[in-house]
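Student: below are the sequence and a predicted model; questions follow.
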Amino acid sequence: LALATRRLQQARGAQERLLADAAHELRTPLTLMRTTVDLALRKERTAGELAEALRETRTEIDRLTALAGTLLERAELTHGPLERAPVDVRALVEEALGAARGVASERGVTLRVEGPAHLPADLHALSLRRALDNLLSNALRFAPGGSEVAVQLSSPPGRLVLEVRDQGIGIPPQEREAVFEPFHRLDHSGTGTGLGLSLVREVAQRHGGRAYVADGPGPGARLVLELPQGALLA
């Protein structure tokens, strides 16, 4: 009973922190939009100045829309029913890479997949695809032009492992746990929602697995999504 109570308290605390952080993240673009509109209304503005104010407001609206969408997706994928079904993980990775190729091409980054041509598993395909999308988005955010982002699939005894590697600035050891916390941003640039990697960890945990940053030679980051043997089909 004590253990169950402690877990409930931890879960409630985590939920309250998430709500507080979400409120803060929502308040920032709303404040910027109000300031922009107030300045535009304070005195007569030229058509060009009004157009610029509208562009700034539209940017913040897009930011709010992305944040709200990610919050809803996170709630759906981490708290809704998770029904497993047979899926080819290699095909799922190929689909995710195909969706990311437009952004990769714009940034001059090459995408590559390594591992078996087929890797059947029993898992929740939608949530795993969203986790892959977020891992790729994170890698592309830090990958320099002319570099490569690679996804490696493997099935060591008892495990299904998906590793996403980039050749960017890497993740300092002291940040390797924090990057999976909601709204934590490594580059502090304000881009992204800060929820992508927290969703990756939630998806891993709901499959009975884990998500972590691995050590490795060379520059860049190695983010790993590891699922237990039960996710593999015989």
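Tutor: Yep, it's here.
Student: list the contacts of residue 209.
Tutor: 160, 225, 226, 227, 228, 231 (C-beta atoms under 8 Å, 6 or more residues apart in numbering). Where C-beta positions appear, they are placed from N, C-alpha and C, glycine not excepted.
Student: redo those residues as a markdown table? Include distance to residue 119, secondary structure and neighbour count.
Tutor: Below are the contacts of residue 209 laid out as a markdown table (distance: C-beta to C-beta, whole Å; DSSP: H, G, I helix; E, B strand; the rest coil; neighbours: other C-beta atoms under 10 Å):
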| residue | distance to residue 119 | secondary structure | neighbour count |
| --- | --- | --- | --- |
| 160 | 7 | strand | 25 |
| 225 | 13 | strand | 23 |
| 226 | 14 | strand | 19 |
| 227 | 11 | strand | 23 |
| 228 | 15 | strand | 14 |
| 231 | 10 | helix | 21 |
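Student: can you name the two of those that are farthest apart?
Tutor: 225 and 228 (11.8 Å; C-beta to C-beta).
Student: residue 82 belongs to a helix?
Tutor: No - counting by DSSP: H, G, I helix; E, B strand; the rest coil, residue 82 falls outside a helix, being coil.
Student: looks like it contacts residue 124 (just checking).
Tutor: Yes - judged on C-beta atoms under 8 Å, residue 82 makes contact with residue 124 at a distance of 4.7 Å.
Student: between the two, what contacts are shared?
Tutor: In contact with both residue 82 and residue 124: 206, 207, using C-beta under 8 Å, 6+ apart.
Student: where are the low-confidence patches of this protein?
Tutor: Along the chain, segments meeting pLDDT under 70 span 3, 7-25, 69-81, 183-194, 229-234.
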